[in-house]
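*Asks:* sequence first, predicted model second:
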Amino acid sequence: MDLRKLCSIAAVLVLLAAFPCAAFAVDPPTCPTSATDAPQIIDAVKTMFAAASKDDLALFHSVTTSDFYAFDGGKRFVGDELMSLIKQAHEAGTVLVWSVNDPEVHADCGTAWITYVNKGSVQNAQGLTKMIWLESLIFEKKNEKWRAHFLHSTRIPQP
């Protein structure tokens with residue numbers, strides 16, 4: 001074998017020994033996100049609020065997964081339990097208001113999450129109480145539509 005070829009083989013072996021991962025690295029599959037993903041996710045949260053405001057289960061189901069659940073008020077709510085609680089509050093005369101403020105959306109492939117500040121109020125027989133919650137939702141994209149899978153809500157105590 002000629003010396004030049006032997007040196008080339010040796011150089012390749014040295015590089016493989018020094019950078020074993022680089023020699024066999026494969027780029028992970030990429031899932032491009034669309035410029036419309038973030039607005040769709042924000043709109044889905046607003047649709048959840050609209051559905052809850054008018055006790056509209058069909059509208060709620062249009063933006064949630066079939067196995068949706070939530071952590072709210074120190075409890076776990078599965079499926080429609082959160083909507084049932086809100087409906088009971090409405091039937092007792094309580095008016096609930098929610099809003100999405102300062103949303104941050106992160107999306108990749110078929111999963112996304114949003115964090116935002118929910119500034120709203122609760123009005124009942126005791127009067128009007130302004131409220132603020134820190135909230136986050138996990139979304140899944142199925143059939144080109146973002147659906148909420150999990151909600152977490154933490155109330156910020158008022159001074």
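*Replies:* Yep, it's here.
*Asks:* pull the contacting residues for the closest residue to Thr47 other than its chain neighbours.
*Replies:* On the basis of C-beta to C-beta, 6 or more residues apart in numbering, the spatially nearest residue to Thr47 that is not a chain neighbour turns out to be Val63, at 4.7 Å. Just so you know, the C-beta spots here come from the backbone N, C-alpha and C atoms, and that holds for glycine as well. Contact analysis of Val63 by C-beta atoms under 8 Å, 6 or more residues apart in numbering lists 44, 47-48, 51, 146-148.
*Asks:* out of those, which two sit at the greatest distance?
*Replies:* Taking every pair in the contacts of Val63 and measuring C-beta to C-beta, the maximum separation is 15.0 Å, between Ala51 and Trp146.
*Asks:* neighbour count winner among the two?
*Replies:* Neighbour tally, Ala51 and Trp146, criterion other C-beta atoms under 10 Å: the higher count belongs to Trp146, 26 against 20.
*Asks:* dump the helix or strand containing Trp133 to CSV, restricted to CA.
*Replies:* Counting by DSSP states H and E, the secondary-structure element that holds Trp133 is strand 127-142. Written as CSV, here are the backbone C-alpha positions of strand 127-142 (Å, rounded to 0.1, in the frame of the first residue of the first chain):
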residue,chain,number,x,y,z
GLY,A,127,-70.0,41.9,44.5
LEU,A,128,-67.3,42.2,41.8
THR,A,129,-63.8,40.7,42.5
LYS,A,130,-61.1,41.3,40.0
MET,A,131,-58.9,38.3,39.5
ILE,A,132,-55.6,37.4,37.8
TRP,A,133,-54.4,33.9,37.0
LEU,A,134,-51.2,32.6,35.5
GLU,A,135,-52.2,29.9,33.0
SER,A,136,-50.7,27.5,30.5
LEU,A,137,-52.1,25.0,28.1
ILE,A,138,-50.6,22.1,26.2
PHE,A,139,-51.9,21.7,22.6
GLU,A,140,-51.8,18.8,20.1
LYS,A,141,-52.1,19.3,16.4
LYS,A,142,-54.4,16.8,14.7
